[in-house]
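Q: Sequence and predicted structure below; questions after.
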Amino acid sequence: MGGVDDSRFVVVGPNYREWTPAAAPRSRFAFLRTYPWVSISILAGVVLGCIFADLICVHDPTMYYLDHLNEAPSPEFLFGTDSLGRDLFSAIWYGGRSSLVIGILGMVIVTIIGVTYGCVNGLVNTRGDILMQRVVELFHSIPTILLCILLMAVFGTQNVFSISFVIAVTSWFALARIVRSEVRQIRNNEYVLAAKAMGSDFWHLLRIHLVPNIIPAIMFVVISSISACITMESTLSFLGLGLPLDVLSWGSLLSLANRALLLNTWWVIIIPGVFLVVTLSCITSIANYFRKESNKKPSRL
């Protein structure tokens, strides 16, 4: 049976005319509002300054200038000096290296542990799911700082890598729960069942079918874990539990804040704090952008 010939039908009516929706005008500056250019530019400037600190710093960050203790910002010391006589300008750029390494390395470890555990949790049967969830809830109920203190007591010496590992090992629980929820929603889809029927192992499912479909849900958490690791290192250093004073980081610089309050040396608190807050805000803004962009993309089968 042939189709209906539309030419036999004519639309009639007074002042009839076809309506074609007009495309929304696109501003030539729309991309400026889409991408977080300000955050990207500021973060890139901070990262480049830390990488090329040897070129922009004129003082040795580990040198103790005993004749210039607690000196306010001046042409010789642009950000002033702390109670140990160190040049804050040099210490901030060199210390930023340690803080950024801790944030990035901690993010990698958090992602590996959280995604792997969450995917296993999402694929196991009901009894296994309940058991693995109880484990996550048990450790998640313990304060993170307390877990960090216990693990650092086991490691003994504190350095950039041990601090990164300790922070990451105590910070992956929220990511694992998100991954588990997403995997349980897609584990009965046809392409996952077909891959299992063809004998695909767990790592094949993880790489080809699971991770590409959970990226929109975990992108914000993964990128935000960079700022979370930097914040935790700063908190531990402020409490005297993080990196030692001879290892420069933004947290170790802020560990002198209690003494700076007594001596009224505001620059020792304000300047490292501004660098830390601005960097964390830029990372959060970029994470929000990736979350919005990832949610616009269809799931990959």
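A: Looks like it came in fine.

Q: Residue ranges in the stretch 201-301 of the chain under the pLDDT threshold?
A: For the stretch 201-301 of the chain, the stretches flagged by pLDDT under 70 are 294-301.

Q: buried ones in stretch 95-105?
A: If you call a residue buried by 16 or more other Cβ atoms under 10 Å, then stretch 95-105 has these buried ones: 95-103, 105. All C-beta atoms are positioned from the backbone trio N, CA, C, and that covers glycine.

Q: To clarify, my last question referred to stretch 159-174.
A: Within stretch 159-174, the residues scored as buried using 16+ other Cβ under 10 Å are 160, 162-174.

Q: ok now it, how far from the chain's centre?
A: A distance of 13 Å separates the centroid of the chain from that of stretch 159-174, by Cα atoms, centre = their mean, to the nearest Å.

Q: With only the CA atoms kept, save that stretch in CSV.
A: Extracted C-alpha coordinates of stretch 159-174, given in CSV (Å, rounded to 0.1, in the frame of the first residue of the first chain):
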residue,chain,number,x,y,z
ASN,A,159,57.1,14.3,52.6
VAL,A,160,55.1,15.3,49.5
PHE,A,161,54.4,11.8,48.3
SER,A,162,53.5,10.3,51.7
ILE,A,163,51.1,13.3,52.4
SER,A,164,49.5,12.9,49.0
PHE,A,165,48.9,9.2,49.6
VAL,A,166,47.6,9.7,53.1
ILE,A,167,45.1,12.4,52.0
ALA,A,168,44.0,10.4,49.0
VAL,A,169,43.5,7.2,50.9
THR,A,170,41.1,9.0,53.3
SER,A,171,39.2,11.0,50.6
TRP,A,172,37.9,8.5,48.0
PHE,A,173,34.7,7.4,49.8
ALA,A,174,32.3,10.0,48.3
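
Q: In helices only, show me the buried residues of stretch 159-174.
A: Among the buried residues of stretch 159-174, the ones falling in helices (DSSP state H) are 160, 162-169, 173-174.

Q: and the next element down the chain from the helix or strand hosting residue 237?
A: Element membership for residue 237 (DSSP states H and E) is helix 211-238. Per DSSP H and E, helix 211-238 leads on to helix 250-254 as the next helix or strand towards the C-terminus.

Q: circling back to that earlier point, which of the ones in helices among the buried residues of stretch 159-174 sits closest to residue 260?
A: residue 163 (22.9 Å; Cβ to Cβ).

Q: can I assume that closest one is in contact with residue 243?
A: Yes - Residue 163 lies in contact with residue 243 (Cβ atoms under 8 Å); the separation is 6.3 Å.

Q: shared neighbours, these two?
A: Common contacts of residue 163 and residue 243 (Cβ atoms under 8 Å, 6 or more residues apart in numbering): residue 233.

Q: Just the CA atoms of stretch 246-254, as PDB, please.
A: Provided in PDB are the C-alpha atoms of stretch 246-254 (Å, rounded to 0.1, in the frame of the first residue of the first chain):
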ATOM      1  CA  ASP A 246      61.900  23.100  55.900                       C
ATOM      2  CA  VAL A 247      59.600  21.700  53.100                       C
ATOM      3  CA  LEU A 248      58.000  24.700  51.500                       C
ATOM      4  CA  SER A 249      54.300  24.700  50.700                       C
ATOM      5  CA  TRP A 250      51.400  27.000  51.100                       C
ATOM      6  CA  GLY A 251      50.200  25.000  54.100                       C
ATOM      7  CA  SER A 252      53.600  25.200  55.800                       C
ATOM      8  CA  LEU A 253      53.700  28.900  55.300                       C
ATOM      9  CA  LEU A 254      50.300  29.300  56.900                       C
END
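
Q: Which of the residues in that stretch are classified as buried?
A: For stretch 246-254, a neighbour-count test (16+ other Cβ under 10 Å) marks 247-254 as buried.

Q: One more: stretch 76-88?
A: With burial defined by 16+ other Cβ under 10 Å, the residues of stretch 76-88 counted as buried are 77-82, 84-88.
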